[in-house]
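> what's the 3D shape of this:
(one chain, ligands or ions: 1)
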Amino acid sequence: MLKFVHMADIHLGYRQYGSEERAIDFAQAFLRAVNFAVERKVDFIIIAGDLFHKKSEMDPVTLTQASKVLEKAKKAGIPVIAVEGNHDSTYFRETYSWMDYLAGHDLVINLKPSFEDGIVVEEWDGQSGAYVDIEGVRIYGMKYYGSMTEKVLDEYAAKIKKSEFTIFTAHVGVEGYMNIYGCIPASKLHKLKSRVDYVALGHIHKSFVEGDFIFNPGSIETCEVSEYGLKRGIFYVEYDGELKYELVQFKGRDFIILSYNLDEGLSGLKKLLASNRAVKPVVHLSLTCSRETRKSVGEEAVREIVKESLDPLVVRIQWNVATDIFRPVLGDRENIEKSVIEQLLQSYSYGNIAEEVLRLKSIFSSSFDIHSVDRFIEHVLFESRTNEASEELEVEVEAEKAEKMMMKCSASGLTSSACAGSGDVFELDSKAEERTTLQDATAFDMQKAGRAEKTGKAEIDEEGDEEIWDWRRAYDKRSKARKR
Ligand SMILES: [Mn+2]
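Here you go, the predicted model:
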């Protein structure tokens, strides 16, 4: 019987909200997913893109997280088949990607077609190729091609041949599930039905299945607050003449998302917060109030209350301050502006950051003139790199910059030496780890004890048994390096 696991959108290295802990959460989720595959003794694992969060930039901690987890699969004799997502790849520009780097270290099989007077779909030769045969199963892979997706897919489809069991994996969205860039009509994929048994997708951060044929598992940790609560996980698939599948969902970081009318007083807010229970959650609090209330209640006071009630990892507060008689007019203006900003930001695949921009505007426009607010926001979005509110966008902008730099480097032959350099860092890392094992074990035990004492729940004990020391160590190290 054929068994495999299909996952996507891992986003390793995402320091969400500027939090190192969140980056650890993403690695932890990846470890959990691969451990599951190892326990089930699957024949192979598919990663349908966005293993990493940043395109070209890489740091040693993130690379270690990827390598360590992939090594677990390798040790268990489970091949990992991957394609590059929009966060991993450099579109059409064929530079050496971090997925290629992992393939070069025998940790993944990175499938993508090549192009010479049209598309070339060749077998994986240990270094490159578009398909691979594993125990009678043929797996074709296609990386993210953005606006070129439909064109590339049409050409690719013509080269696909039916095997005993055939999988087509790609980092592409299907229209109608989420309003993001890089989606195509489902009909384009349904056309593959006569030659393909399983379409393994990634890109859209929520799970869906179309006709027991097209499968998308969604992200394995919460990349954006809007994803929290969506059905997401990894697919565990069995085939024995008949296809059986299951979406396996893991509990990731808790998010608490609340709205409150602050005109009703701080004690009511306290009550509302106390009615929620979670372990070190990310808290998103949306507060509505009059201008008078906003003036009399400082954000610090609200933060204090949240901290006391929930012991949160991150607190994000959104203020919706009533603007009295101008409201209907501003409401229209807001909607128009929002759609303009959304369209603008869509090209970064972060359309919904428009909410954040408008929130900023509403906060500042109460005390500054509207044009200076516009200029400020423009500056924050497209020039400044330090503002927390533009963090998600910043990642994209930085990635674009880094990509351009990579292009320059590869043109002057610098890329390979830069990559070799990173490899050395990793080597050093693994040696350092051997030396600090004892220390780490102690730190881990202490941490475990601390957690158990705090909550005393079976649910938490389960989490305590996971090997998280690896990421803690990496985290501690990075903190030191950053202080300098
Ligand atoms: Mn993604």
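> what does the protein have sitting close to the ion?
By the rule C-beta under 5 Å from the ion, the part of the chain lying against the ion is 9, 50. Backbone N, C-alpha and C define where each C-beta goes, glycine included.
> where does pLDDT dip in the chain?
Residue ranges of the chain with pLDDT under 70: 56, 90-94, 324-334, 338, 342-354, 360, 364-370, 373, 376-484.
> give me the domain ranges for it.
Domain ranges of the chain: 2-248, 255-383, 407-483, per automatic domain parsing.
> need the ones you listed in a markdown table (columns: mean neighbour count).
As requested, the domains of the chain are exported to a markdown table (neighbours: other C-beta atoms under 10 Å):
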| stretch | mean neighbour count |
| --- | --- |
| domain 2-248 | 20 |
| domain 255-383 | 15 |
| domain 407-483 | 13 |
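> how about V174, phi and psi?
Dihedral pair for V174: phi -110, psi 130, per degrees, to the nearest 10.
> that one contacts I184, doesn't it?
Yes - the criterion here is C-beta atoms under 8 Å, and V174 meets it with I184 at 6.8 Å.
> apart from its chain neighbours, what residue comes closest to C183?
In this structure, C183 finds its nearest non-sequential neighbour in G173, 3.6 Å apart by C-beta to C-beta, 6 or more residues apart in numbering.
> residue contacts, the one you found?
180, 182-184, 201, 203-204, 216 (C-beta atoms under 8 Å, 6 or more residues apart in numbering).
> switch to 10 Å and redo it
Residues in contact with G173, defined by C-beta atoms under 10 Å, 6 or more residues apart in numbering, are 86, 144, 149, 179-184, 201-205, 216, 349.
> could I get the full set of strands for the stretch 201-350 of the chain?
Counting by DSSP state E, counting those that start in this stretch, the stretch 201-350 of the chain has strands at residues 208-210, 214-216, 234-239, 243-248, 255-261, 282-289, 314-321.
> who are the packing partners of the fourth one?
So the one you mean is strand 243-248. strand 2-7, helix 20-39, strand 208-210, strand 214-216, strand 234-239 (3 or more C-beta pairs under 10 Å, 6 or more residues apart in numbering; DSSP states H and E).
> can you check the last one too?
If you count contacts as 3+ C-beta pairs under 10 Å, 6+ apart, strand 314-321 packs onto strand 255-261, strand 282-289, helix 291-296, helix 299-310, helix 354-364.
> can you say which of these is nearest to D59?
Closest approach to D59 among those (C-beta to C-beta): strand 282-289, 22.1 Å.
> now A278: how far from S19?
16 Å (C-beta to C-beta, to the nearest Å).
> which ones are touching the closest residue to G211 other than its chain neighbours?
Nearest residue to G211 in three dimensions, chain neighbours excluded: H190, at 7.2 Å (C-beta to C-beta, 6+ apart). H190 is in contact with 174, 196, 199, 210-211, 213-214, counting by C-beta under 10 Å, 6+ apart.
> do the same with M142
When contacts are counted by C-beta under 10 Å, 6+ apart, M142 is found next to 48-49, 83-84, 111-113, 119, 121, 130, 149, 152-153, 156-157, 168-172.
> run through the bridge partners of E123.
Note on E123: beta-bridge partners Y131, judged by DSSP bridges.
> thought C183 was touching V174?
Yes - here C183 reaches V174: they are 6.1 Å apart, a contact under C-beta atoms under 10 Å.
> which neighbours do the two have in common?
Shared contacts of C183 and V174, counting by C-beta under 10 Å, 6+ apart, come down to 203-204.
> helix or strand for Y156, which one?
Per DSSP states H and E: Y156 is located in helix 149-157.
> next secondary structure element downstream of that helix?
Moving toward the C-terminus from helix 149-157, the next helix or strand (DSSP H and E) is strand 165-171.
> partners of that following strand, with directions?
Under the criterion DSSP bridges, strand 165-171 sits next to strand 137-142 (parallel), strand 198-202 (parallel) in its sheet.
> could you tell me the angle between that strand and strand 243-248?
Inter-element angle recorded for strand 165-171 and strand 243-248: 30 degrees (by axes from the mean of the first three to the mean of the last three C-alpha atoms, to 10 degrees).
> let me see the contact set for F213.
So F213 contacts 186, 189-190, 192-193, 196-199, 243 (C-beta under 10 Å, 6+ apart).
> which one among those gets closest to the ion?
Proximity of these to the ion was ranked by C-beta to the ion; the top entry is V199 with 17.2 Å.
> gap between the closest one and D43?
Taken as C-beta to C-beta, the span from V199 to D43 is 18 Å.
> swap in V120?
27 Å.
> and if you look at S219?
Here the criterion is C-beta to C-beta. By it, S219 lies 24 Å from D43.
> please apply the same query to G241.
Noted for G241: a distance of 16 Å to D43, by C-beta to C-beta.
> next one: N261
55 Å.
> now do S267
Distance from S267 to D43, by C-beta to C-beta: 58 Å.
> surely A48 and P217 touch.
Yes - A48 lies in contact with P217 (C-beta under 10 Å); the separation is 7.8 Å.
> mutual contacts of these two, please.
Common contacts of A48 and P217, defined by C-beta under 10 Å, 6+ apart, comprise 6-9, 200-202, 235.
> which of these lies closest to the ion?
For these, the nearest to the ion is D9 (3.8 Å; C-beta to the ion).
> setting aside sequence neighbours, what's the nearest residue to that closest one?
With C-beta to C-beta, 6+ apart as the criterion, D9 has its nearest non-adjacent residue at 4.0 Å, and that residue is S219.
> again, but for V120
S114 (4.6 Å).
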